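Student: following is a predicted model, sequence given first.
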Amino acid sequence: MPYQKGQKWIAQVRKEGKRLEKVFWTKKEALSWEVRMQRRPASDWSNKTATACIGDWVQAYLDYAQARFTVKTYKEQRTLFRLFLKEVSPELAVSNLKPGDVMSYIVKQSQDRSGYSANKDRKNLVAAWNWGMKYMKPQLPGPNPCAVERMGEVRHPRYVPPDVDVWKVYDAAQGQDQVMMLAYIHLCARRRELFRIRWADDVDFENRRVRLGTRKRKDGSMEYDWLPMTDELHDRLVEHRQTTESEWVFLNPDTGQPFRERKRWMKALCRQAGVKPFGLHAIRHLNPSLLANYGVPAMQIMTILRHKRLSTTQRYLHQLGNVKEALQLLARKEKPSEKPSGFQAAEIENRMAS
């Protein structure tokens with residue numbers, strides 16, 4: 001009888017002194033496999049099972065992904081393979097997977113979901129097969145059958161609000177929420193980066209800097225960078241520190257734990273402020289444009305955003321017409337008479353280098 005291990009079912013058969021196991025997603029599949037294998041002579045088992053099947057490859061890669069990547073990335077991979085195994089039998093030998101099989105899946109996902117989603121699945125399948133060719137030799141053959149043509153995509157431009165709307169939303173926030181909003185504005189932080197910062201490890205009041213960590217790297221590892229605080233952010237964080245005894249800078253009052261997500265937070269604030277809804281990542285797109293309009297070089301904006309490639313930064317530099325302030329001067333809400341001084345790119349570069 002199959003037994004459950006985590007979210008997997010382990011099928012097992014014993015016959016003529018031989019024992020065989022195989023991993024499945026469901027108990028039904030595991031039972032079916034056990035019945036079929038019991039009907040075959042044990043002498044045939046090695047011939048029938050020497051080659052890895054698609055299910056073996058999928059499970060081996062998911063075990064790796066669970067240990068290597070973030071929970072979010074692992075769940076995305078798991079969802080992908082659940083959809084993929086509905087179109088491709090998990091018992092199919094890996095040597096029998098053809099580009100046409102993968103193409104049929106990609107086309108279906110393009111029709112059912114979107115070209116963007118289909119291409120994302122294609123990218124992950126290619127990566128999983130490349131991993132298998134490296135670590136499951138000689139079972140996974142090359143060339144990679146998942147490297148099929150990409151689907152066409154319809155990309156909608158991200159809505160980037162005017163700076164006046166950002167400050168209306170900031171004024172609508174209160175208490176800790178307003179401090180968090182200010183930190184997003186002044187640090188150009190990614191959505192989840194502020195959730196995990198701690199007072200002791202990541203906030204350096206003496207040197208007026210904040211450490212942000214991201215997993216948006218090729219291998220999924222955590223990478224940290226120090227960014228200088230603007231004067232207003234420093235003062236607000238000092239005030240905020242006096243109101244909390246938690247080790248975390250921003251604590252979810254409903255759970256007493258750090259925030260894991262805030263799905264409706266910005267939508268509610270935008271509605272309260274009476275502006276068109278936008279998300280936190282829109283702020284990360286807005287501020288580089290403000291800096292660019294002040295003539296800050298793209299290479300130094302790349303340093304602020306902590307991008308690895310200048311081409312990524314270029315996609316953030318939306319042309320928004322007349323703007324009032326760059327990053328430091330956003331807090332003043334008045335038209336500056338000169339380029340920003342407290343948050344100059346040269347200062348950022350020097351502080352990060354140190």
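Tutor: Ah, there it is. Since the model is a prediction, treat every value here as computed from it, not as a measurement.
Student: so which residues of the stretch 201-350 of the chain form helices?
Tutor: Listed in chain order, the helices of the stretch 201-350 of the chain (DSSP state H, counting those that start in this stretch) span 231-241, 265-273, 280-293, 298-305, 310-316, 345-353.
Student: figure out which of those is closest to V249.
Tutor: Within the helices of the stretch 201-350 of the chain, the stretch nearest V249 is helix 231-241; the backing value is 7.4 Å (C-beta to C-beta). Where C-beta positions appear, they are placed from N, C-alpha and C, glycine not excepted.
Student: the closest one - contacts with which helices or strands?
Tutor: helix 175-187 (3 or more C-beta pairs under 8 Å, 6 or more residues apart in numbering; DSSP states H and E).
Student: CA atoms only for the helix it packs on - export them in PDB, please.
Tutor: Extracted in PDB, the C-alpha atoms of helix 175-187 (Å, rounded to 0.1, in the frame of the first residue of the first chain):
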ATOM      1  CA  GLY A 175       1.000  56.000  12.700                       C
ATOM      2  CA  GLN A 176       3.200  53.000  11.700                       C
ATOM      3  CA  ASP A 177       1.600  52.900   8.200                       C
ATOM      4  CA  GLN A 178       2.700  56.400   7.400                       C
ATOM      5  CA  VAL A 179       6.300  55.600   8.500                       C
ATOM      6  CA  MET A 180       6.300  52.500   6.300                       C
ATOM      7  CA  MET A 181       4.900  54.600   3.400                       C
ATOM      8  CA  LEU A 182       7.700  57.200   3.900                       C
ATOM      9  CA  ALA A 183      10.300  54.400   3.900                       C
ATOM     10  CA  TYR A 184       9.000  53.000   0.600                       C
ATOM     11  CA  ILE A 185       9.200  56.500  -0.900                       C
ATOM     12  CA  HIS A 186      12.600  57.500   0.400                       C
ATOM     13  CA  LEU A 187      14.300  54.100  -0.100                       C
END
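Student: that helix: which residues count as buried?
Tutor: 176-187 (16 or more other C-beta atoms under 10 Å).
Student: quick check: of these, which lies closest to K134?
Tutor: Closest to K134, out of all of the buried residues of helix 175-187 and judged by C-beta to C-beta, is L187, at 37.8 Å.
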